[in-house]
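Undergrad: Sequence first, predicted coordinates after that:
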There are 2 protein chains.
Amino acid sequence: MSNSQDTNRLAVGTAGSYSRADVVETALNILDEFGLADLSMRRLAGVLDVQPSALYWHVPNKQTLLALVADQIIDRAAVVNPDDFVKAGSLDWKARTLAEATAIRDGLLAFRDGAEVVSSTLALGLGAGEALARIRAGIDGFCSDAEVARVAAESILFLVLGQVWHEQQRMQADSLGVVAPAVGATPEDAQLANEDEVQRIDSFEFGIQLILDGLEKKLAATR
Amino acid sequence: MSNSQDTNRLAVGTAGSYSRADVVETALNILDEFGLADLSMRRLAGVLDVQPSALYWHVPNKQTLLALVADQIIDRAAVVNPDDFVKAGSLDWKARTLAEATAIRDGLLAFRDGAEVVSSTLALGLGAGEALARIRAGIDGFCSDAEVARVAAESILFLVLGQVWHEQQRMQADSLGVVAPAVGATPEDAQLANEDEVQRIDSFEFGIQLILDGLEKKLAATR
DNA sequence: ACCTGAACACCGTTCAAGT
DNA sequence: ACCTGAACACCGTTCAAGT
C-alpha cells in the first residue's frame, strides 16, 4: 500500500481530494526531476493518479499553472536581511542589491529550468513581479527617482534571468551530449573547464556590478 | 492556379522540390504571421503542401529548424557602419555599441516572438552567437581585455533579449485581452500609455547605458 | 534527391455526467 | 466540492516505400 515511490500523495491516508497547492507542489516536483518539456498536464494527472480533466477544476489552464509554479520558485528563494548590509551606520545599497540578485539567482538554480519558467511567465506579472520588487528594494536604498529605480531593477532582473536560463540550457545541452561550446567561447576558455563554477559566479557578479556602477555614476551626476 | 494566397510556393512553376532555405523561409513567414505557438511542423508542412514527414529530409528536428529561423532573424538585422561613429578622429565606442544593440533589438522586433525564438536557441550557439559578436565588436573598440569584453557583451545581449521578449510577451497578452499591467507599473505609469513608444525606447537605452558607463568606469580604473 | 503513407506515442482542453 | 469518461483537435518523429 505505502510504497517508497508514492512521494506525491501528500499526507497519505488523508481525505482523498487535492488542493490547488497540492497540484502546484506536484508540478514543481515533476519540473525539478524531469524538466519543463516533461511537465505536461497529462503527466501531472498521472502522478496524482487522477484524470487529466480533473486538473481543470484546480486551475483554468496550463499557463496559469506555470505562473503559479514560477511564483513558488521565487517565493522559495532565500530572504536577504537588510541589516546585514549596514556598514559604519550607512547602508551599502550595492552590496544589498547584489545579495538580492544572488538570492534570486540561487532560487532559480534550485529548480531545473527555473529561469525559463519564470521568464515565460514574466508578462503575467506573478513570480517575476516579486523578484523585481526585491531587487528594487535594494536600489531604493540609494535611488529616490522611482522611474530610474524601476528601469535599473528591470535591467538587473533581465540579466539574472538571461544568465541563469543560458546556464540551465547549457546544462541540458551538455547532458544530452549536444556539443555546442559556450557562446563566444575561445579555445582558452575551454581549458578553464575545471574552474567552471568559479568562472560562472564571477561572470554573474561582474555583469550586475557593471549596472550598479553605472547607476551610481548616473545618480552622482544628478546631485 | 496562381491565386493571391499562394505566397509560399517560392518561384511558382519551377521544379517542385524545396530547399532547406525554402523551408526556413516559410517557417519565418508562419512565425511572423501567427506566432511561435502556431509554428508546428505539421502546419509548416501544410503550407508547403507536403507531408509532415517530408520536412525531416531537410532538417533533423524542430529544434534545429528553430535555430535556423533564429539565425535568419539575426542575419536580417540592419548592419551598423563603424565609420559613422568616428568623431574628431577617435571612435565613440559607446555610441557604436549602443547602435549595434539597437540594430539587434529592431531585428528581433521585426518578427513576432523574435526574442523568444532567439533566446530559446541561444545555447545552441547559432543566431545569438552572431548577435554577441556584433555587440562585442563595439566593445572591443575600447576594451582590450577579452574576458571582460565577453562578459560585458553577454550582459548587453541578455538585456536586449530580456527587454524585447518581455515587450513581445506583453503585445501578445494585450492582444488576447489578458489584463496584467506592466511589471512594476505604478498608476502614474498607466497615464503615460499614449507615450508608450517613447518610454519604451528610453528604457532600452537607459539600461544599456548603465552597463556601458559601468564598463567605462571599470576600465578607467585599471589604467 | 526528395517525398508519401501510415503509424506510434503523445499533447491541452471541453463537457456532460457522476458522487 | 471534486472527479470520471469520452471525445475533439491537435502534436513531433520514425520508417518503409515510392519516384
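TA: Arrived safely, thanks for sending. Computed from a predicted structure; not experimentally measured.

Undergrad: Which SSE is immediately downstream of the helix or strand of chain A with the lowest mean pLDDT?
TA: Using mean pLDDT, DSSP states H and E, helix A:187-191 stands out as the lowest-scoring helix or strand of chain A, at a mean of 50. Sequence order places helix A:196-221 as the next helix or strand after helix A:187-191, per DSSP states H and E.

Undergrad: list the buried ones in that following helix?
TA: Neighbour-count burial for helix A:196-221 flags A:199, A:203-216, A:218-219 (criterion: 16 or more other Cβ atoms under 10 Å in any protein chain shown). C-betas here are computed from N, CA, C, even on glycine.

Undergrad: same check, this time on stretch A:60-74
TA: Buried residues in stretch A:60-74, counted by 16+ other Cβ under 10 Å: A:65-74.

Undergrad: any idea of the mean pLDDT in it?
TA: Mean pLDDT, computed over stretch A:60-74, is 98.

Undergrad: Please enumerate residues in contact with that stretch?
TA: Residues from elsewhere that reach stretch A:60-74 (Cβ atoms under 8 Å, 6 or more residues apart in numbering or on different chains): A:20, A:23-25, A:27-28, A:31, A:41, A:44, A:55, A:59, A:104, A:107-108, A:110-111, A:114, A:117-118, A:120-121, A:124, A:126-128, A:130-131.

Undergrad: Please, a ChimeraX command that selects the buried ones among those?
TA: Applying 16+ other Cβ under 10 Å to the contacts of stretch A:60-74, the buried members can be selected in ChimeraX as follows:
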select /A:23,24,27,28,31,41,44,55,59,104,107,108,111,114,117,118,120,121,124,126,127,128,130,131
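
Undergrad: Endpoints of stretch A:106-121, how far apart?
TA: Taking Cα to Cα, to the nearest Å, the first and last residues of stretch A:106-121 lie 18 Å apart.

Undergrad: correction: stretch A:44-59
TA: Using Cα to Cα, the end-to-end distance of stretch A:44-59 comes to 12 Å.

Undergrad: So which bits of it are buried?
TA: Neighbour-count burial for stretch A:44-59 flags A:44-45, A:47-48, A:50, A:55, A:58-59 (criterion: 16+ other Cβ under 10 Å).

Undergrad: returning to that earlier point: any chance of the buried residues of stretch A:60-74 in CSV, plus distance to residue B:83?
TA: Below are these laid out as CSV (distance: Cβ to Cβ, whole Å):
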residue, distance to residue B:83
A:65, 52
A:66, 47
A:67, 47
A:68, 52
A:69, 50
A:70, 45
A:71, 49
A:72, 52
A:73, 47
A:74, 46
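
Undergrad: wait, which of those residues is closest to residue A:170?
TA: Nearest to residue A:170, judged by Cβ to Cβ, of the buried residues of stretch A:60-74 is residue A:73 at 19.3 Å.

Undergrad: Which elements pack onto the biggest helix by length in chain A?
TA: When chain A is parsed with DSSP state H, its longest helix is helix A:146-175. Applying 3 or more Cβ pairs under 8 Å, 6 or more residues apart in numbering or on different chains; DSSP states H and E, we find helix A:146-175 packed against helix A:93-109, helix A:114-119, helix A:127-139, helix A:196-221, helix B:146-175, helix B:196-221.

Undergrad: Figure out which of those is closest to residue B:97.
TA: Of all those, helix B:196-221 sits nearest to residue B:97, with 6.3 Å by Cβ to Cβ.

Undergrad: tilt between the closest one and helix B:93-109?
TA: Counting by axes from the mean of the first three to the mean of the last three Cα atoms, to 10 degrees, helix B:196-221 lies at 140 degrees to helix B:93-109.

Undergrad: what's the spacing between helix B:196-221 and its chain's center?
TA: 19 Å (Cα atoms, centre = their mean, to the nearest Å).

Undergrad: go on, stretch A:125-140?
TA: For stretch A:125-140, the distance to the chain centre is 12 Å (Cα atoms, centre = their mean).

Undergrad: How about stretch A:40-52?
TA: Taking the mean of its C-alpha atoms, stretch A:40-52 sits 25 Å from the chain's own mean (Cα atoms, centre = their mean).

Undergrad: Please list all residues in contact with the nearest residue to residue A:219 once chain neighbours are set aside.
TA: Excluding the flanking residues, the one nearest residue A:219 by Cβ to Cβ, 6 or more residues apart in numbering or on different chains is residue A:143, at 5.9 Å. Counting by Cβ under 8 Å, 6+ apart, residue A:143 makes contact with A:149, A:152, A:215, A:219.

Undergrad: mind running it again at 10 Å?
TA: By Cβ atoms under 10 Å, 6 or more residues apart in numbering or on different chains, the contact set of residue A:143 is A:93, A:97, A:136, A:149-150, A:152-153, A:215-216, A:218-219.

Undergrad: Domains in chain A, by residue range?
TA: A:4-60, A:78-222 (automatic domain parsing).

Undergrad: got JSON lines for the ones you listed, with distance to DNA strand C too?
TA: Conversion of the domains of chain A to JSON lines gives the following (distance: least, Cβ to the nearest atom of the strand, whole Å):
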{"stretch": "domain A:4-60", "distance to DNA strand C": "3"}
{"stretch": "domain A:78-222", "distance to DNA strand C": "13"}
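
Undergrad: Make CSV out of these and add distance to residue B:82.
TA: Below are those laid out as CSV (distance: least, Cβ to Cβ, whole Å):
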stretch, distance to residue B:82
domain A:4-60, 40
domain A:78-222, 20
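
Undergrad: Ok, which of the ones you listed comes nearest residue B:85?
TA: Among the domains of chain A, domain A:78-222 comes nearest to residue B:85, with 19.8 Å by Cβ to Cβ.
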